[in-house]
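> dropping the sequence and predicted coords here.
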Amino acid sequence: MLKTKDLLGLYHTSAEEICEILERTAHMKELLNQGKKSEKTLAGTALLTLFYENSTRTRTSFELAGKYLGAHEVNIAAASSSVQKGETLIDTGKTVDSLKVDFIAIRHPLAGAPKLLAENVKASVINAGDGMNEHPTQALLDMFTMREKFGKIKGLKVAILGDIKHSRVAKSNLFGLSKLGAEVYMYAPATLMPKEIEKLGAHVCRSMDEAIEGAHCVMGLRIQLERQKGGLFPSLSEYSKFYGVKDAMLERADKNVIVMHPGPVNRGIELTPSVIDGENSVICEQVTNGLATRMAVLSLLREYRENNL
């Protein structure tokens, strides 16, 4: 059982809790593969998706996860809410609490916003991405995808490439994978590599070859231009030339290498179209696994609430 009412990040989530979520995800994926979309796990509960940033995969999968498990689901987009009238996050949270919502999946541009919300509401808060901090359910679905393909996570070499500095996905993956015994190698332009990330357990590489050599998983990251102030690399074409993943590079990886990306992908920049659509790509499987992962998290948080609140 999970140890808190919220899922705010993997930095403070134990290896045991991560493994429990992965096990539950396997069960949820089996239900999806059987076409079961009318479960009663969350019957009598309400899920709110509260997104202050754009999203396709994460928001849609949270909404479907709630519906498939029997929850009442409602969404609030910040652009069309009282946020535009000056309402604070805490006041929004108190309003939602007054409406007897049980779960809130929040995406916010500021790091720490989900934690602040969780401290001020009775509902269980799930971090759906906060600034450059964490994106725990993305990392969980990534780890599930790796475990599904290799039967384990311990001992895997995972190469994470691209805009690591601005990536909450990279950080959550680093925390989670390290706790389960994988080795995480990172490569990016110096301007896109966080300072002292080695202290968090990453192997910082000096070349693409070093990162990909023998890798079981090659994970590209989206260039997050919306978080950049400019001047971090000369041009998108030069970035693609020197840091984009191409078919020939994968020859240095493990023979069973899988290619991943959290999406959305800038085709021809982070990954070539042939890599995205190639036989090693599991990008579409990640989306399916994201739905199963969010179903798993919601069901486990429901159990925590029933036993502790």
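Happy to help now that I have it.
> do you know how far Ala123 is from Ser80?
Separation of Ala123 from Ser80 (C-beta to C-beta, to the nearest Å): 21 Å. C-beta: built from backbone N, CA, C; applies to glycine.
> the two: which is more packed in?
Ala123 (26 against 8; other C-beta atoms under 10 Å).
> with Ser55 as the reference, measure out to the more buried one.
From Ala123 to Ser55 the distance is 19 Å (C-beta to C-beta).
> surely Ile106 forms part of a helix?
No - Ile106 sits outside any helix when classified using DSSP: H, G, I helix; E, B strand; the rest coil, being strand.
> how confident was the prediction at it?
pLDDT for Ile106: 97.
> who's in contact with it?
Shown in contact with Ile106 (C-beta atoms under 8 Å, 6 or more residues apart in numbering): Leu50, Phe51, Tyr52, Ala113, Pro114, Leu117, Val125, Ile126, Asn127, Ala128, Asp130.
> the same query, at a cut-off of 7 Å, please.
Residues in contact with Ile106 (C-beta atoms under 7 Å, 6 or more residues apart in numbering) are Leu50, Ala113, Pro114, Leu117, Val125, Asn127, Ala128.
> same question for Arg147.
Shown in contact with Arg147 (C-beta under 7 Å, 6+ apart): Leu22, Ile153.
> mind telling me what element it is part of?
Take DSSP states H and E as the rule and Arg147 turns out to sit in helix 136-150.
> buried sites along that helix?
If you call a residue buried by 16 or more other C-beta atoms under 10 Å, then helix 136-150 has these buried ones: 136-150.
> ok, of the residues you listed, which one's closest to Leu22?
Nearest to Leu22, judged by C-beta to C-beta, of those is Phe144 at 5.3 Å.
> give me the distance between the closest one and Val125.
For Phe144, the distance to Val125 - C-beta to C-beta - is 22 Å.
> so which bits of the least confident helix or strand in the chain by mean pLDDT are buried?
Sorted by mean pLDDT, DSSP states H and E, the helices and strands of the chain end with helix 236-243, the least confident at a mean of 84. Buried positions in helix 236-243, judged by neighbour count with 16+ other C-beta under 10 Å: Tyr239, Ser240, Tyr243.
> for Thr49, what are its contacts?
Counting by C-beta under 7 Å, 6+ apart, Thr49 has contacts Arg59, Phe62, Glu63, Asn75, Ala105.
> buried ones only from the residues you listed, please, as a PyMOL command.
In PyMOL, this line selects whichever of these come out buried by 16+ other C-beta under 10 Å:
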select buried, resi 59+62+63+105
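> can I get stretch 92-105 in PDB, CA atoms only?
The C-alpha coordinates for stretch 92-105 follow below in PDB (Å, rounded to 0.1, in the frame of the first residue of the first chain):
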ATOM      1  CA  THR A  92      -9.100  26.900  -6.200                       C
ATOM      2  CA  GLY A  93      -8.200  23.900  -4.100                       C
ATOM      3  CA  LYS A  94     -10.500  24.900  -1.300                       C
ATOM      4  CA  THR A  95     -13.300  25.400  -3.900                       C
ATOM      5  CA  VAL A  96     -12.700  21.900  -5.300                       C
ATOM      6  CA  ASP A  97     -12.500  20.400  -1.800                       C
ATOM      7  CA  SER A  98     -15.900  22.000  -1.000                       C
ATOM      8  CA  LEU A  99     -17.300  20.100  -4.000                       C
ATOM      9  CA  LYS A 100     -16.100  16.800  -2.400                       C
ATOM     10  CA  VAL A 101     -13.600  15.800  -5.100                       C
ATOM     11  CA  ASP A 102     -11.500  12.800  -4.100                       C
ATOM     12  CA  PHE A 103      -8.600  13.000  -6.600                       C
ATOM     13  CA  ILE A 104      -6.900  16.000  -8.300                       C
ATOM     14  CA  ALA A 105      -4.500  15.400 -11.100                       C
END
